[in-house]
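K.L.:
I need the structure of the sequence given here:
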Amino acid sequence: ISSIFLPLAFAVCQVSSSPIHQRRALSQNDIIGLQLAGYLENLELSLYTGGCEGFTDVEWIAAGFPSTFQQDICAIAEVILPDLSFTQLLHDCVAATESDKLIASSLESNGISAPQACSYNLSYDSPTSFVLLANQITSISLGFYLGSLNDFSPALQTVAASILSVEARHDAIVRNGMGASPFPTNLDVPLSSVWAYSLAQKYISSCPRQLPIDLLPPLGFNGMQAAVLALAESKANNFSAPTEAGQALYLAIVHANATDPSYQQVLTTGQGQGTAQLPEGLGGVVYAALTASSGDLTFHELATTGT
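P.N.:
Have a look, this model is predicted:
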């Protein structure tokens, strides 16, 4: 896997070596995007390292996974480190393995501290539960890179896109191993920085420092807490959502099979609780947000403003 990514990064360096080597100042969007990229890559690194080291090959096979699946999980953990170095590849055209130091030096040269690893809440106790968790987290990273491409400066867009393609391959490997379609839909759902950062909080216990990105309040679903709910082909048909007395609320559902959100009214079932029926035709990874809008917000507006 690493042999696929690194040539892409080096190709960008070779074609654009002159302007990139000048260490241009990063824009504010670049800084926020790179901070969140490092934040999510740190989360994925902890996840896949744990999956690689936490189970033996015998345990993976006994759980019904292909004989080479553990090698795939370990390879994903190894390729995340080159992912973390893409900012330095842009600024110096230098490859190195100490990626956490590289992304730190790239950001800190602009007076910004690179995100440090957090303490993570990664709950899994078997190969099967690990893969279900990996599918959720990898989908967040994939959606972030897809949704943030236009926010990066031109010099960063190509490399971010190459990381996006690798994230998609990781997702396909995970989904194929769990017996699901590697490509459940023709399109993936882009996520704004606010949505991606909010979704990631479910898997964070504590961090040395939070990023300067707005956080949406948590939305409960069947006892699970997340600011914006990521639903990976669940068969559940009711959401549990906090409500305020007298306020009409709606569940805005975003998925790849529709260009605009589907708005379902929340019906109050008790104090601070309500249900909303899921529509038919959901596919792939599904996201939802609680909102006072009854349907006048496009996906871009909803993703930009939150609820």
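
K.L.:
ok, which stretches of this structure are helices?
P.N.:
The residue ranges that make up the helices of the chain, judged by DSSP state H, are 2-15, 17-20, 28-54, 57-62, 69-84, 86-92, 99-108, 127-148, 154-177, 193-200, 299-305.

K.L.:
Could you export the ones you listed as JSON lines, including distance to Pro279?
P.N.:
C-beta here means a position set from N, CA and C on the backbone, and glycine is covered the same way. As requested, the helices of the chain are exported to JSON lines (distance: least, Cβ to Cβ, whole Å):
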{"stretch": "helix 2-15", "distance to Pro279": "38"}
{"stretch": "helix 17-20", "distance to Pro279": "46"}
{"stretch": "helix 28-54", "distance to Pro279": "29"}
{"stretch": "helix 57-62", "distance to Pro279": "36"}
{"stretch": "helix 69-84", "distance to Pro279": "33"}
{"stretch": "helix 86-92", "distance to Pro279": "38"}
{"stretch": "helix 99-108", "distance to Pro279": "41"}
{"stretch": "helix 127-148", "distance to Pro279": "20"}
{"stretch": "helix 154-177", "distance to Pro279": "23"}
{"stretch": "helix 193-200", "distance to Pro279": "20"}
{"stretch": "helix 299-305", "distance to Pro279": "15"}
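
K.L.:
Looking at the chain, which strand is longest?
P.N.:
Among the segments of the chain that qualify as a strand by DSSP state E, the longest is strand 285-291.

K.L.:
so what strands line up beside it?
P.N.:
Here the strand partners of strand 285-291, with direction, are listed using DSSP bridges: strand 229-232 (antiparallel), strand 250-254 (antiparallel).

K.L.:
Least confident of these, on average?
P.N.:
Mean pLDDT per stretch puts strand 229-232 lowest among the strands paired with strand 285-291, at a mean of 32.

K.L.:
Low-confidence stretches in the stretch 101-250 of the chain?
P.N.:
With pLDDT under 70 as the threshold, the stretch 101-250 of the chain has low-confidence stretches at 101-107, 218, 220-246.

K.L.:
where do the strands sit along the stretch 201-307 of the chain?
P.N.:
For the stretch 201-307 of the chain, applying DSSP state E, counting those that start in this stretch gives strands covering 204-206, 219-221, 224-226, 229-232, 250-254, 262-265, 267-270, 273-275, 285-291.

K.L.:
Contacts for the first one next, please.
P.N.:
Residues outside strand 204-206 that contact it (Cβ atoms under 8 Å, 6 or more residues apart in numbering): 43, 118-121.

K.L.:
Give me the buried entries from the residues you listed.
P.N.:
Judged by neighbour count, with 16 or more other Cβ atoms under 10 Å as the criterion, the buried members of the contacts of strand 204-206 are 43, 118, 120.

K.L.:
Any chance of those residues in a markdown table with distance to Leu216 as columns?
P.N.:
Conversion of the buried ones among the contacts of strand 204-206 to a markdown table gives the following (distance: Cβ to Cβ, whole Å):
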| residue | distance to Leu216 |
| --- | --- |
| Leu43 | 18 |
| Cys118 | 18 |
| Tyr120 | 20 |
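
K.L.:
Just the closest of those residues to Ala252, please.
P.N.:
Of all the buried ones among the contacts of strand 204-206, Leu43 has the smallest distance to Ala252: 25.1 Å, by Cβ to Cβ.

K.L.:
The closest one is in contact with Pro115, isn't it?
P.N.:
No - the pair formed by Leu43 and Pro115 falls short of the contact definition of Cβ atoms under 8 Å, at 9.9 Å.

K.L.:
Within its local environment, how many residues does the closest residue to Tyr145 other than its chain neighbours see?
P.N.:
With Cβ to Cβ, 6 or more residues apart in numbering as the measure, Leu164 is the residue that lies nearest to Tyr145, at 3.9 Å, once sequence neighbours are left out. Neighbouring residues of Leu164 were enumerated by other Cβ atoms under 10 Å; the total is 19.

K.L.:
ok, Leu164 to Thr49 distance?
P.N.:
As for Leu164, its distance to Thr49 is 22 Å (criterion: Cβ to Cβ, to the nearest Å).

K.L.:
And for Gly147?
P.N.:
Here Gly147 is placed at a distance of 26 Å from Thr49 (Cβ to Cβ).

K.L.:
Brilliant, that's me finished.
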